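Undergrad: what shape does this take:
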Amino acid sequence: MPLLKGHSRHPGRLVVSAFAAFILIGTVLLWLPISHEAGQPALSLIDAFFTASSAVTVTGLVVVDTGSGLSRFGEIVVLGLIQVGGLGIMTLASFMSVFLSRKLGISRGRLVGTEIGVADLGELRTVMRALIRFSLASEIVVAVLLSIRFIAEGGRSIAESLYLGVFHAVSAFNNAGFSTLDGGLERYVSDWYVSLVIAGAFIGGGLGFPVVIELLKNDRGPRPWSLHSKVTLISTAALLSVGTAVLVALEWANPDTLGPLSSADKFLAAFFQSATARTAGFNTIDIGSLHASSSLVMVLLMVIGASSASTGGGIKTSTFAVVVWTALAEFRGDPEVTILKRRIPRTVQRQALALVIVALGTIGTATFILSILLPDIGLDDLLFETASAFATAGVTRGVTSQLGLLGKLLIITLMFVGRVGPITFGSALLLRSKAHRFRYAEEKLIVG
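TA: Sure thing, here's the model as predicted:
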C-alpha cells in the first residue's frame, strides 16, 4: 500500500488524512437528495460538510435537526460516521485487516497504536479484538435497554422503537450527542432509567480503551492497576462529583433549569449535565438558560474532557492530572513530579503542558475570531461554543444555529483538531523527519 508506506514513519499524518477522507465521503452522501427528508429544504454543501464533520468527530453540534431534516438514509449515514469516528478509523481498518489476513504489519500496528494509545505492538491484536467486542457488546446492551423503554412508552411501532434504541445507543457510547427525538432528551430530565442508561453509556465510552481493557483482564486473576487507570478513574469520579455538586448549588433555584424539579431530580439532572459536559453532547435541561457561572463550570469540564484513547475529546483527564501535579511539585520545590508514588517522566510533563497551551490558545483565538464574525452574541456564549467544538462536547447555548459560512468553517476546524488530538494534528504538520544531531548552549531564563 503506497499510501501506508508513505506515512509509516509518521502515523499521525495518516490518522489525520483518514478522518478527513471519511468526512468528505460523509459530506457527499449527506448532500445527496436521498439524505433529505421529504418536504424539507435540501442541505447546502456547507451544512452537509458541517454535519459530516460533527458526526465523524463525534461532537454533536448540528445546523440541521437530525430527526426532522434528514431522511432515514441520512440518519443511517450519520450513525455510520459516528461509529467510524468513535472507534477510530485506523482501529477499524486494522482490525478488519487482522481479521481477514491474520497478519499485522509493523507500520499498520504503529497506526493503530497512535489511535488507541497502545504502545506495545505485540498486544495490538488482542487489544483490538477486545476493543471491538467491548464496544459492540456495550452498544447492544444499551440499545436493548433503551428499546425496552421506548416500546413501553407506546405511540411508536416496535421497529421504530428498536431503531431509536440502536441510534441513541451508538450515539451515547461514542459520546456523539446526536438524537433523532424531537427536542432531544429534555423530555427525560426526570426519567432515571433513560438518563442513567445513556449516562452510563457515554461515561463507559469516555473512560478510554486502555482502561477498559485493563479492567477486563481477569483471565489470570486480579492484578494491580496501572497508574494511568488509577488516575483516570479517580479523576473521572472527582470531576463527576464536583461538577454535580457545583451545578446543583448554582442552578437549584433557576426556574428555567433545575428550579421546577424535585430535589432528587435536581441531582439527577445536574449529574447528567456534569457527565455530558465532558464530551457527550446530550442535554436534559436548556443549556441556554444556565447562569453564566454554571456555563463557565461546564466550559472547564468540556476543556478537561474524557479520558485518553476514548471516544471523547478535551485535553483528557490524565493530562489535567499531570499539569496539576506538575504545578504542585513546582510550588513545593520538589525536584520530580510524582503521582500516587510514581514518578512522571519529563517527556510526559512536556506533552501535557504543550497540550494545555495549545488547547487554551486555540479556544481563545477561535473565540476572538467568532466575536468579530458574530458581534451581537455575548462573549460567554461564544466561549462556550468554541470550547464545546474543540472538546467535541456538542452542547451549545444556541450559537450553532447563528453561524455563517466562516463561522461554520471555524467550528468544523475546531471539531476536527479536537477529535484527532492537537498533538497528533500539530505533529503531523510540524514534526521533523530527522532529529537534530546537535545541541545549543544552555542559558537560564527568568520566569515568574
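Undergrad: surely residue 320 touches residue 304?
TA: Yes: using CB atoms under 8 Å as the test, residue 320 is close enough to residue 304 to be in contact (4.8 Å). In short, each C-beta sits where N, CA and C put it, glycine included.
Undergrad: and the strands in the chain?
TA: 338-339, 342-343 (DSSP state E).
Undergrad: if I look at the most centrally placed residue in the chain, how far off is residue 69?
TA: Closest residue to the average C-alpha location of the chain: residue 312 at 2.4 Å, with CA atoms, centre = their mean. Distance of residue 312 to residue 69, computed by CB to CB, to the nearest Å: 26 Å.
Undergrad: and what of residue 391?
TA: Distance from residue 391 to residue 69, by CB to CB: 25 Å.
Undergrad: and for residue 299?
TA: 28 Å.
Undergrad: check residue 50 too.
TA: Relative to residue 69, and taking CB to CB, residue 50 is found at 12 Å.
Undergrad: which of the two has more neighbours?
TA: residue 50 (26 against 20; other CB atoms under 10 Å).
Undergrad: so where's the longest helix in the protein?
TA: As assigned by DSSP state H, the longest helix anywhere in the chain is helix 124-153.
Undergrad: now that one: average pLDDT?
TA: Averaged across helix 124-153, the pLDDT comes to 87.
Undergrad: same check, this time on stretch 53-66
TA: Stretch 53-66 comes out at a mean pLDDT of 92.
Undergrad: need the contact list for residue 366.
TA: Neighbouring residues of residue 366 by CB atoms under 8 Å, 6 or more residues apart in numbering: 386, 389-390, 410, 414.
Undergrad: among those residues, which ones are buried?
TA: 386, 389-390, 410, 414 (16 or more other CB atoms under 10 Å).
Undergrad: let's have the residues you listed in a markdown table, adding distance to residue 369 and pLDDT.
TA: Shown next, in a markdown table, are the buried ones among the contacts of residue 366 (distance: CB to CB, whole Å; pLDDT from 0 to 100):
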| residue | distance to residue 369 | pLDDT |
| --- | --- | --- |
| 386 | 9 | 96 |
| 389 | 12 | 94 |
| 390 | 13 | 93 |
| 410 | 6 | 96 |
| 414 | 10 | 94 |
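Undergrad: pick the one among these closest to residue 148.
TA: Distance to residue 148, by CB to CB, is smallest for residue 389 among the buried ones among the contacts of residue 366, at 34.1 Å.
Undergrad: shaky segments in this protein?
TA: 1-13, 89-125, 218-223, 421-436 (pLDDT under 70).
Undergrad: again, 80 this time
TA: Along the chain, segments meeting pLDDT under 80 span 1-16, 38-41, 88-131, 209-210, 213-224, 279, 309-311, 420-439, 442-444, 446-448.
Undergrad: phi first, then psi, for residue 443.
TA: As for residue 443, its main-chain torsions (degrees, to the nearest 10) stand at phi -150, psi 140.
Undergrad: what's the distance between it and residue 350?
TA: Counting by CB to CB, the gap from residue 443 to residue 350 is 19 Å.
Undergrad: could you do residue 131 as well?
TA: 28 Å.
Undergrad: look at the two and report which has more neighbours.
TA: Comparing residue 131 with residue 350 by other CB under 10 Å, the one with more neighbours is residue 131, at 24 against 12.
Undergrad: so that one touches residue 213, yeah?
TA: Yes: with contact defined as CB under 8 Å, residue 131 counts as touching residue 213 (6.8 Å).
Undergrad: residue boundaries of the helices in the stretch 301-448 of the chain?
TA: 317-332, 346-373, 379-390, 405-420, 422-430 (DSSP state H, counting those that start in this stretch).
Undergrad: now the longest one and helix 405-420, what's the angle there?
TA: Between helix 346-373 and helix 405-420, the angle comes out at 170 degrees (axes from the mean of the first three to the mean of the last three CA atoms, to 10 degrees).
Undergrad: buried set for helix 346-373?
TA: 349, 352, 355-356, 358-359, 362-363, 366-367, 370.
Undergrad: list the contacts of the nearest residue to residue 82 once chain neighbours are set aside.
TA: Nearest non-adjacent residue to residue 82, counting by CB to CB, 6 or more residues apart in numbering: residue 176, 4.5 Å away. Going by CB under 8 Å, 6+ apart, residue 176 touches 55, 58-60, 82, 85-86, 170, 281, 311, 394.
Undergrad: next, give phi and psi for residue 176.
TA: phi -90, psi -40.
Undergrad: can you check residue 179 too?
TA: Torsion angles, degrees, to the nearest 10, at residue 179: phi -140, psi 140.
Undergrad: can you give me the neighbour number for residue 46?
TA: When neighbours are counted by other CB under 10 Å, residue 46 comes out with 17.
Undergrad: any chance of the buried residues of helix 346-373 in a markdown table, plus distance to residue 250?
TA: Shown next, in a markdown table, are these (distance: CB to CB, whole Å):
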| residue | distance to residue 250 |
| --- | --- |
| 349 | 33 |
| 352 | 29 |
| 355 | 28 |
| 356 | 25 |
| 358 | 29 |
| 359 | 24 |
| 362 | 27 |
| 363 | 22 |
| 366 | 26 |
| 367 | 22 |
| 370 | 25 |
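Undergrad: just name the closest of the residues you listed to residue 187, please.
TA: Residue 187 lies nearest to residue 370 out of the buried residues of helix 346-373, by CB to CB, at 30.9 Å.
Undergrad: hang on, the closest one packs against residue 380?
TA: No: when contacts are counted by CB under 8 Å, residue 370 is not listed as touching residue 380 (11.9 Å).
Undergrad: quickly list what's touching both of the two.
TA: If you check residue 370 and residue 380 against CB under 8 Å, 6+ apart, no residue is contacted by both.
Undergrad: what about the nearest residue to residue 131 once chain neighbours are set aside, distance to residue 130?
TA: Excluding its sequence neighbours, the residue lying closest to residue 131 (CB to CB, 6+ apart) is residue 209, at 5.0 Å. Distance of residue 209 to residue 130, given as CB to CB: 8 Å.
Undergrad: so for these two, which residue has more residues nearby?
TA: residue 209 (26 against 16).
Undergrad: hmm, residue 127 and that one touching each other?
TA: Yes: contact criterion CB under 8 Å: residue 209 and residue 127 qualify, at 7.4 Å.
Undergrad: mind listing what residue 336 touches?
TA: Applying CB under 8 Å, 6+ apart, the residues near residue 336 are 329, 343-344.
Undergrad: what are the phi and psi values at it?
TA: phi -130, psi 160.
Undergrad: does residue 319 really touch residue 357, like I thought?
TA: No: using CB under 8 Å, residue 319 is not in contact with residue 357, being 11.3 Å away.
Undergrad: in stretch 126-135, what counts as buried?
TA: 127-128, 130-132, 134-135.
Undergrad: oh sorry, the question was meant for stretch 227-244
TA: By neighbour count on 16+ other CB under 10 Å, the buried set for stretch 227-244 is 227-233, 235-236, 239-240, 243-244.
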